[in-house]
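Visitor: The sequence isn't on hand, but the structure is:
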Ligand code: FE
C-alpha cells in the first residue's frame, strides 16, 4: 500500500533546490552528464529526494553512457508510476514517485537483460538522495 503524500506547491518550492523543483515538479530534465550520482558506484540505496521513499539499490545501477544515472530494476515496482509524456519534445515513458508524484526520469527497454526485459530506469540524480549501506 502506498501512502500518497500531497503538499502545496509553495512547500515544494521551499524544500527543494531550484533545479530539483524544476525537474521534479516542473517539466524540465537534468542536464545530461551533470548528475551527482552519474558515476557513483558505492553500495547503498537511492531514495526519492521529495519524500524519502527508497526506490533503487546500487545493485541494479549500471553505466549506460547516456548522461543520466541508470538502474535495471526498482526496489519495489509499485513505488514507481509511469505515464506517457513529451518532455523535451520527445515522446517517452515518464517515471514518477508514486508516493509524492515527483518526476524521477524515464523508462526505456534497452537496458541489460537481467530479471526482466532490458528495463532501464534513466533517473535524474537531483531527484534522488543516496544513502550508503552494506545491505543494499
Ligand atoms: Fe517521492
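Guide: That came through, no problem. In this text, all values refer to a predicted model and were calculated from it rather than measured experimentally. Numbering: from 1, shown residues only.
Visitor: burial count for the residue lying closest to residue 16 once chain neighbours are set aside?
Guide: Once flanking residues are discounted, residue 16 sits nearest to residue 24: 6.3 Å by Cβ to Cβ, 6 or more residues apart in numbering. Bear in mind the C-beta positions are built from the backbone N, C-alpha and C, glycine included. Using other Cβ atoms under 10 Å, residue 24 has 25 other residues around it.
Visitor: Show me which residues of this protein sit near the ion.
Guide: Applying Cβ under 5 Å from the ion, we find that the chain lies next to the ion at 48, 50-51, 97, 99-100, 102.
Visitor: quick revisit: list the contacts for the residue nearest to residue 16?
Guide: Neighbouring residues of residue 24 by Cβ atoms under 8 Å, 6 or more residues apart in numbering: 12, 16, 49-50, 102-104, 124, 126-127.
Visitor: before we move on, what about residue 134?
Guide: Residue 134 makes contact with residue 43 under the criterion Cβ under 8 Å, 6+ apart.
Visitor: Report the secondary structure state of it.
Guide: Put simply, residue 134 is coil when judged by DSSP: H, G, I helix; E, B strand; the rest coil.
Visitor: confidence score at it?
Guide: On pLDDT, residue 134 comes in at 87.
Visitor: low-scoring stretches of this structure, by residue?
Guide: Where the chain drops to pLDDT under 70, the residues are 1, 114-116.
Visitor: Please enumerate the strands of it.
Guide: 44-48, 54-57, 61-62, 69-71, 80-85, 92-97, 103-108, 120-123, 128-132 (DSSP state E).
Visitor: So which of those has the densest surroundings on average?
Guide: Mean neighbour count (mean count of other Cβ atoms under 10 Å) peaks for strand 69-71 among these, with a mean of 25.
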